[in-house]
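*Asks:* build me a structure from this.
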Amino acid sequence: IDLKRAGYFVKEYVYRIEEAVIRTLLHFDVTGHRVAGAPGIYVRLDDPAGHALLPQRPMKGAADPNFSGLGKIAALGIKVTRNCTYHGVALNVAMDLEPYSRINPCGYAGLQTVWRKCSHKNLPSPSTLDTVIAPAVKPSMTA
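*Replies:* The predicted structure is shown next:
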């Protein structure tokens, strides 16, 4: 995406990609959350469908990220060169998370990486996820 042509600043672009992931997760009764200072999407470990605001939600002047009770379900990888983006989103659908227990995901000690099988709707296979992601991305990327 050409950010200049679209009229987006980098932070707004990151917000829009996160919003697309949040909309995708809602389709499967999972509530995604943002954490101040830590791009990506997180879920409550005790209640993945819970809609209550997080105490660590993004706020101006927030301290270091607080991951208490949260697990990261989606990560972003974005590069911007001459106002054009190269991006990727990793949504943890069905994977072996054991290797993440041996590292500090995103450089944060103690951050859990998760994938969820929801109480009554499971996240789909990667091949069927496309039918849900595309409709979620379009409204997030239009002004």
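*Asks:* helix, strand or coil for the most centrally placed residue in the chain?
*Replies:* Central residue of the chain (CA atoms, centre = their mean): I41, 2.6 Å from the mean position. Under DSSP: H, G, I helix; E, B strand; the rest coil, I41 falls in the strand class.
*Asks:* surely it is in contact with E19?
*Replies:* No. Between I41 and E19 there is no contact, the gap being 9.5 Å when judged by CB atoms under 8 Å. (Glycine included, C-beta is placed from N, CA and C.)
*Asks:* return the helix or strand in this protein with minimum mean pLDDT.
*Replies:* Least confident helix or strand, the chain: helix 126-141 with a mean of 66, by mean pLDDT, DSSP states H and E.
*Asks:* can you give me the helices for the protein?
*Replies:* Taking DSSP state H as the criterion, the chain carries its helices at 3-6, 10-26, 126-141.
*Asks:* before I go, just wanted to say thanks for your time.
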